[in-house]
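Trainee: take this sequence and fold it.
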Amino acid sequence: MLALFYRSSGLMSLLLLAVTVFSLVVGGAFAEETDLADRRGKLEGQVYRFGGNPNFQIHVPAGCKLGKRSDPNVQVVSLRTPAGITVEASVAPVDEDFRLSNGGPFYFGVLSKLVGKNHELLEHKKIDMGGGVTGYRTDMTWTFGEARIHTVLVSALAEGHWVFVAVHPTQDVNRYAEIAQSLTLEK
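Mentor: Below is the predicted model of the structure:
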């Protein structure tokens, strides 16, 4: 069944992403070198633009720093806000059988098997992303050590790719959810 989601090594990339990215959520191996993000993307002020396939952008707080990507095959950028919140944007090729409505629950399933404990899927709903694009927002909570993390995942489908942005705050969830919800696919 998992083979329906990803072409070639896409599933393995997502699994590697889950294992390593979520260790960065709390640990934070971050640096300021601009070559740590996919070269097709650029952080300018409060906007990160990805110029690969597909093109998209997200709005981030002033002062975000580029971080080391845990899996360059899927993750195009990892950022750390001035408050220490991890923001990740990823692009994964998917088969035509992939259903966007399954993306968030799949992400949750991988997360709950590989990192943290006390996982709870809070909400998974269809959202209007503007410009005629429908996406999904998935909220989940989990613990890592003593920290209770509330992950907000916003995902969309474009040009045969699953584009997803995740934020992992421990507080001020609505404030940081706006980052993930700012995902805009460009034409």
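
Trainee: from here on, just use CA atoms for contacts and neighbour counts.
Mentor: Will do.

Trainee: kindly check the end-to-end length of stretch 141-161 for me.
Mentor: 26 Å (C-alpha to C-alpha, to the nearest Å).

Trainee: that stretch: how far from the chain's middle?
Mentor: 6 Å (C-alpha atoms, centre = their mean, to the nearest Å).

Trainee: what ranges does this protein have for its strands?
Mentor: 41-44, 47-50, 56-59, 65-67, 75-80, 86-93, 117-128, 134-144, 147-158, 161-167, 184-185 (DSSP state E).

Trainee: now those strands as JSON lines including mean neighbour count?
Mentor: Below are these laid out as JSON lines (neighbours: other C-alpha atoms under 10 Å):
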{"stretch": "strand 41-44", "mean neighbour count": "17"}
{"stretch": "strand 47-50", "mean neighbour count": "20"}
{"stretch": "strand 56-59", "mean neighbour count": "20"}
{"stretch": "strand 65-67", "mean neighbour count": "22"}
{"stretch": "strand 75-80", "mean neighbour count": "25"}
{"stretch": "strand 86-93", "mean neighbour count": "24"}
{"stretch": "strand 117-128", "mean neighbour count": "14"}
{"stretch": "strand 134-144", "mean neighbour count": "20"}
{"stretch": "strand 147-158", "mean neighbour count": "23"}
{"stretch": "strand 161-167", "mean neighbour count": "24"}
{"stretch": "strand 184-185", "mean neighbour count": "19"}
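
Trainee: now those strands in a markdown table, with distance to residue 111 and mean pLDDT?
Mentor: Shown next, in a markdown table, are those (distance: least, C-alpha to C-alpha, whole Å; pLDDT from 0 to 100):
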| stretch | distance to residue 111 | mean pLDDT |
| --- | --- | --- |
| strand 41-44 | 26 | 90 |
| strand 47-50 | 25 | 94 |
| strand 56-59 | 23 | 96 |
| strand 65-67 | 20 | 88 |
| strand 75-80 | 15 | 91 |
| strand 86-93 | 14 | 94 |
| strand 117-128 | 8 | 97 |
| strand 134-144 | 9 | 97 |
| strand 147-158 | 10 | 97 |
| strand 161-167 | 12 | 96 |
| strand 184-185 | 25 | 95 |
